[in-house]
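> quick one, what's the 3D model for this:
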Amino acid sequence: MRKNQTHTRLKLSAIAAMIMCAVALLGESSLNIASAQRMRGRRMPVQEASVDRGTIARAESYTGDRFNYFMETPRGARVAAVNRPRTEALRAIDAGLAELFDVARRNNYRARLNYSDYVVFIARADRTRDSAGAYSPDMSFGAGSYAGTVYDRGGQIFAAGMVSSYSPAALVVAEHERDWQRMANVVRYEGEHLVLYHNDRRRFQETADHVRGGAHPILR
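Coordinates of the predicted model:
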């Protein structure tokens, strides 16, 4: 298996409507954001990117990838990717965050509701179709706390997205080639954990592990 399976402290969550899992990481250390310089799709050394090295290294340790492309979405979210992202992917990230911010405000949350607050990593997918044959770009991880549950697939689980850092707010999504609404949904759903972490710690704790806490969407 390509992905690193040693991080058993990850909290993984299910996206029931799309039959996939989302992953939440508890207890992240605070990290500083580097310069806000826009990279606009150029391949840059890590030290020149707008995402600090620690945040990049953490995401790479979970996915087993190297993120070499750094840019911003049209609305200012920072993106790090294994391949140069398509315009549709950048727009999907913005669409997912826009929906996240709207539903967060309806729940009277105010912290971390700016596009520039977020780093989105686009990782290679370990599979592009689920067991039913539907298009489903997902990453594979060790089952960990999900061993023996309905999400366990022979010692591994498949996740379309995961939270890789809470401060700064960073998430990882699997690379898509189509079905951009699905990609937007993954960004919105993983972002729910980040919004809750910074606005409602009790609700965050209740919903971080979806085996016990239910499925996405959490915020309505």
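> alpha carbons only for contacts and neighbour counts from here, please
Fine.
> this protein: helices as residue ranges?
With DSSP state H as the definition, the chain shows helices at residue ranges 53-63, 87-106, 180-199, 201-207, 210-213.
> show me what the top strand by length along the chain is packed up against.
Of all segments of type strand in the chain, defined using DSSP state E, the longest is strand 156-165. Under the contact criterion of 3 or more Cα pairs under 8 Å, 6 or more residues apart in numbering; DSSP states H and E, the helices and strands touching strand 156-165 comprise strand 20-25, helix 53-63, strand 135-142, strand 169-174, helix 180-199.
> ok, which of those comes nearest residue 87?
Comparing the helices and strands packed on strand 156-165 by their distance to residue 87 (Cα to Cα), the top pick is helix 180-199, with 10.5 Å.
> before we move on, back to that, so which of the helices and strands packed on strand 156-165 is the most surrounded?
Compared across the helices and strands packed on strand 156-165, strand 169-174 shows the largest average neighbour count, a mean of 26 (mean count of other Cα atoms under 10 Å).
> and the contacts of that strand?
Residues outside strand 169-174 that contact it (Cα atoms under 8 Å, 6 or more residues apart in numbering) are 55, 59, 117-125, 137-139, 160-165, 183, 186-187, 190-191, 194.
> how close does the residue nearest to residue 90 when sequence neighbours are not counted sit to residue 164?
Nearest residue to residue 90 in three dimensions, chain neighbours excluded: residue 73, at 5.2 Å (Cα to Cα, 6 or more residues apart in numbering). Summarising the geometry, the distance separating residue 73 from residue 164, computed by Cα to Cα, to the nearest Å, is 19 Å.
> quick one: pLDDT of the closest residue to residue 100 other than its chain neighbours?
With Cα to Cα, 6+ apart as the measure, residue 188 is the residue that lies nearest to residue 100, at 5.1 Å, once sequence neighbours are left out. According to the model's per-residue confidence, residue 188 sits at a pLDDT of 98.
> contact partners for residue 188?
Shown here is residue 188, whose contacts under the criterion Cα under 8 Å, 6+ apart are 96, 97, 99, 100.
> from residue 182, how far off is it?
Counting by Cα to Cα, the gap between residue 188 and residue 182 amounts to 10 Å.
> returning to what we had before: turn the helices of the chain into CSV, including distance to residue 131.
CSV is the format used below for those (distance: least, Cα to Cα, whole Å):
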stretch, distance to residue 131
helix 53-63, 21
helix 87-106, 24
helix 180-199, 17
helix 201-207, 26
helix 210-213, 20
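> and of those, who's closest to residue 112?
Taking Cα to Cα, helix 180-199 is the member of these nearest to residue 112, at 6.4 Å.
> so how far is the closest one off the chain centroid?
When C-alpha coordinates are averaged (Cα atoms, centre = their mean, to the nearest Å), helix 180-199 and its chain have centres 7 Å apart.
> that helix vs helix 87-106, what angle?
Using axes from the mean of the first three to the mean of the last three Cα atoms, to 10 degrees, one finds that helix 180-199 and helix 87-106 are set 40 degrees apart in direction.
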